[in-house]
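S.K.: Model the structure of this input:
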Amino acid sequence: MKCQEVTGDIKFADLPEPLQSKYTEIQEPRGSKKGGFFDVFVHLDDDFVFMEYKVLDEKPNKNELSFIDAVLDSGVDMHQLIRVRRV
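M.R.: So this is what the prediction gives:
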């Protein structure tokens, strides 16, 4: 997958369907809130996970919480959200 930066927003190029539709479904209700997208988006065919890296006791910020809500509201299973923490 290729990513291109366009006016500060990340747009996915060559993201296969139905993943592109899922990404759009997650982002559209958030309007201009583009921040909070997890650090890593991994997919294999139609299966995917979002991964967030945190240092020690770092907590999710406001944008990340908004993103998590949007992901769960779109029907993504909570097990597809992975938090990696350095100890």
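
S.K.: Not counting its own residues, what contacts the top strand by length along the chain?
M.R.: In the chain, taking DSSP state E as the definition, the longest strand is strand 47-55. Residues from elsewhere that reach strand 47-55 (Cβ atoms under 8 Å, 6 or more residues apart in numbering): 19, 22, 38-43, 60, 64, 71, 76, 80-86. Where you see a C-beta, it was placed from the backbone N, CA and C, and this is true even at glycine.

S.K.: hmm, 7 Å instead?
M.R.: Here strand 47-55 makes contact (Cβ atoms under 7 Å, 6 or more residues apart in numbering) with 19, 38-42, 64, 71, 80-86.

S.K.: Now do the helix or strand just after that strand: which elements does it pack against?
M.R.: Downstream of strand 47-55, the first helix or strand assigned by DSSP states H and E is helix 62-73. Helices and strands touching helix 62-73, as assessed by 3 or more Cβ pairs under 7 Å, 6 or more residues apart in numbering; DSSP states H and E, are absent.

S.K.: what pairs with the helix or strand following helix 62-73, and is each one parallel or antiparallel?
M.R.: Per DSSP H and E, the first helix or strand lying C-terminal to helix 62-73 is strand 81-86. According to DSSP bridges, strand 81-86 has the following sheet partners: strand 47-55 (parallel).

S.K.: Please work out the average pLDDT along the partner strand.
M.R.: Per-residue pLDDT over strand 47-55 has a mean of 92.

S.K.: Check stretch 19-39 too.
M.R.: What stretch 19-39 shows for mean pLDDT is 82.

S.K.: how about that stretch as PDB, C-alpha atoms only?
M.R.: These are the backbone C-alpha positions of stretch 19-39, laid out as PDB (Å, rounded to 0.1, in the frame of the first residue of the first chain):
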ATOM      1  CA  LEU A  19     -11.000  -1.500   3.000                       C
ATOM      2  CA  GLN A  20     -11.300   1.900   1.200                       C
ATOM      3  CA  SER A  21     -15.000   2.000   2.000                       C
ATOM      4  CA  LYS A  22     -14.400   1.100   5.600                       C
ATOM      5  CA  TYR A  23     -11.800   3.800   6.000                       C
ATOM      6  CA  THR A  24     -14.200   6.300   4.500                       C
ATOM      7  CA  GLU A  25     -17.000   5.100   6.800                       C
ATOM      8  CA  ILE A  26     -14.700   5.600   9.800                       C
ATOM      9  CA  GLN A  27     -13.500   9.100   8.800                       C
ATOM     10  CA  GLU A  28     -16.600  10.800   7.300                       C
ATOM     11  CA  PRO A  29     -18.500  11.100  10.600                       C
ATOM     12  CA  ARG A  30     -15.500  12.700  12.100                       C
ATOM     13  CA  GLY A  31     -15.600  15.600   9.700                       C
ATOM     14  CA  SER A  32     -12.400  17.600   9.800                       C
ATOM     15  CA  LYS A  33     -10.900  15.600  12.700                       C
ATOM     16  CA  LYS A  34      -8.200  13.700  10.800                       C
ATOM     17  CA  GLY A  35      -5.900  13.300  13.800                       C
ATOM     18  CA  GLY A  36      -6.000  10.200  16.000                       C
ATOM     19  CA  PHE A  37      -5.600   7.600  13.300                       C
ATOM     20  CA  PHE A  38      -3.600   4.800  14.800                       C
ATOM     21  CA  ASP A  39       0.200   4.500  14.000                       C
END
